[in-house]
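Chemist: turn this into a structure:
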Amino acid sequence: MNDWVVREWLDRDPRLRASIVVPYNEPELAVEEIERRASDHRFVQILLLSGTQARSRSATRSHRTRSLPLDKLHSAHSRPSRAQTH
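Modeler: Residues are numbered from 1 along each chain as shown. Model prediction:
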């Protein structure tokens, strides 16, 4: 999704800004994506997506609760975060 945002929106208009969209229930993938996008200052915040599909997929793969290290990510990349659930 973030690649699409860059290609279809951010590269076309320098005035635009976006959120780094990451899955809340997949902390390793979320950290990887935040690290990948951290140097692109057109991304101004982190959007954590949490939905029914993501929760059920995570629940079937792991019995333990996992969470994102948000305090470390905020300090390392100076981006606010937002959570969105559906």
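Chemist: tell me where the chain has strands.
Modeler: For the chain, the strands defined by DSSP state E occupy 18-23, 43-50, 81-85.
Chemist: and the pLDDT for the spatially closest residue to residue 40 that is not a sequence neighbour?
Modeler: The shortest distance from residue 40 to any non-neighbouring residue, by CB to CB, 6 or more residues apart in numbering, is to residue 6 (7.4 Å). C-betas here are computed from N, CA, C, even on glycine. Among the per-residue scores, residue 6 shows a pLDDT of 98.
Chemist: and residue 6, how many neighbours?
Modeler: A total of 16 residues lie near residue 6 under the criterion other CB atoms under 10 Å.
Chemist: and it, how far from residue 50?
Modeler: 23 Å (CB to CB, to the nearest Å).
Chemist: got a markdown table for the strands of the chain, with mean neighbour count and distance to residue 33 too?
Modeler: Formatted as a markdown table, the strands of the chain follow (neighbours: other CB atoms under 10 Å; distance: least, CB to CB, whole Å):
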| stretch | mean neighbour count | distance to residue 33 |
| --- | --- | --- |
| strand 18-23 | 20 | 5 |
| strand 43-50 | 18 | 9 |
| strand 81-85 | 13 | 13 |
